[in-house]
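Asker: Sequence first, then the predicted structure:
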Amino acid sequence: AQSVTQLDSQVPVFEEAPVELRCNYSSSVSVYLFWYVQYPNQGLQLLLKYLSGSTLVKGINGFEAEFNKSQTSFHLRKPSVHISDTAEYFCAVTANTGFQKLVFGTGTRLLVSP
Amino acid sequence: GAVVSQHPSWVICKSGTSVKIECRSLDFQATTMFWYRQFPKQSLMLMATSNEGSKATYEQGVEKDKFLINHASLTLSTLTVTSAHPEDSSFYICSASLLAGGPRETQYFGPGTRLLVL
């Protein structure tokens, strides 16, 4: 079975500052990793995913994440945030075989202030 | 593209009644649909996976007679909470994928339905 830990429930940051949202996972098998964003009153939207290849994955809206197998991490980063990035961010993992069964973290609320 | 809607967005019902939640893929055909449940300050928990025209696969601990899932077409899946009780109050979210639900695929999520059982 897989599990995901997002230690930061809330991350406040000023506009144009860099941000990192942390995600650690555990699994006994190889995995695929995802980051989803949820804006108020909207469904989750895929930001990026790691399937294979380069460990640095670039997503939408200027976000990127780095897969670190030795540290079982998949932290999300953005060099300069905007007010519009205020949202809930979910990290998720699935085993890389069989049917997709996403296991989500508890989410991190990113609060961007002017 | 790849928009998923849910109806209703929120519902309040009396204990003992049944509630149906609809999940629709608006601009694509969804071979596989997923139903999740989210309690406050907790993560989304997968309840079941359904493929069009076949029975849903429920996760361990989810009562299939309590949470009836019907995936009658490639654009519609319904979740019926039967004989709802206050402990069923939660945020229910559906998602859909284009293909058979393989691990590499992208799921497209609906905005969720908040259920309050009094």
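Answerer: Great, that's in hand. Numbers count the residues shown, from 1 in each chain, chains lettered A, B, ... in the order given.
Asker: so who does the spatially most central residue of chain B touch?
Answerer: Centroid-nearest residue in chain B: B:Trp35, 3.3 Å away (criterion: Cα atoms, centre = their mean). B:Trp35 sits next to B:23, B:46-50, B:56, B:67, B:69, B:77, B:79, B:92-94 when contact means Cβ atoms under 8 Å, 6 or more residues apart in numbering or on different chains. Just so you know, the C-beta spots here come from the backbone N, C-alpha and C atoms, and that holds for glycine as well.
Asker: which SS class is it?
Answerer: Three-state call for B:Trp35 (DSSP: H, G, I helix; E, B strand; the rest coil): strand.
Asker: Within range of chain A, give me the residues from chain B.
Answerer: B:4, B:34, B:41-46, B:49, B:93, B:95, B:97, B:100-112 (Cβ under 8 Å from any Cβ of the partner chain).
Asker: Of the contacts of B:Trp35, which pair is most distant in space?
Answerer: Greatest spatial distance among these (Cβ to Cβ): B:Ala56 and B:Ile93, at 15.4 Å.
Asker: out of these two, which sits in the busier spot?
Answerer: Remark: of B:Ala56 and B:Ile93, B:Ile93 carries more neighbours, 25 against 21, as counted by other Cβ atoms under 10 Å in any protein chain shown.
Asker: Bridge partners for the more buried one, pull those for me.
Answerer: B:Tyr36 (DSSP bridges).
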